[in-house]
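**Q** Could you look at this predicted model? Sequence included:
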Amino acid sequence: GDYSTKSLAELWDQVPTNGKLQILGFLAFLEFFGELGSRVGAPPHYMRGGMPGAYPSFKKYLNGLFPHPVPLDLYDPFGIFSNASPEKKARGR
């Protein structure tokens, strides 16, 4: 397609229907997984007393549920901040 336009609506219209369904399906999965929270042993959803911005770990809660390993998380996928102090983590939120 012609992606030289500056309008986001026109770009979205150029995405094939199957591509739109993949994007919307992935977003629906993320929303569903984030809402599960304490029901699967993850931190609770922020509307149920959890911390805003915290998201359950894919590595911790999805491995074993899928036929392949889930190697990366949404936040800090490469473990750069895993050894940061609690004060540094609190400043970064």
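**A** Yep, it's here.
**Q** Give me the buried positions along the helix or strand hosting residue 35.
**A** Using DSSP states H and E, the element containing residue 35 is helix 17-36. By 16 or more other C-beta atoms under 10 Å, the buried positions in helix 17-36 come out as 33-34. Backbone N, C-alpha and C define where each C-beta goes, glycine included.
**Q** for it, packing partners?
**A** Contact partners of helix 17-36 among helices and strands, from 3 or more C-beta pairs under 8 Å, 6 or more residues apart in numbering; DSSP states H and E: none.
**Q** quick one: least confident helix or strand in this structure?
**A** When the helices and strands of the chain are compared on mean pLDDT, DSSP states H and E, helix 58-62 comes out lowest with a mean of 70.
**Q** I'd say residue 82 and residue 88 touch.
**A** No. If you go by C-beta atoms under 8 Å, residue 82 and residue 88 don't touch, sitting 11.6 Å apart.
**Q** Check the spacing between the nearest residue to residue 75 once chain neighbours are set aside and residue 27 real quick.
**A** Excluding its sequence neighbours, the residue lying closest to residue 75 (C-beta to C-beta, 6 or more residues apart in numbering) is residue 55, at 6.2 Å. Distance, residue 55 to residue 27, using C-beta to C-beta, to the nearest Å: 14 Å.
**Q** With residue 72 instead?
**A** 17 Å.
**Q** Report the secondary structure state of the nearest residue to residue 57 once chain neighbours are set aside.
**A** Closest residue to residue 57 apart from its sequence neighbours, by C-beta to C-beta, 6+ apart: residue 73 at 5.3 Å. The local conformation at residue 73, judged by DSSP: H, G, I helix; E, B strand; the rest coil, is coil.
**Q** what about the protein, any weak spots by pLDDT?
**A** 1-3, 37-41, 53, 61-70, 89, 92-93 (pLDDT under 70).
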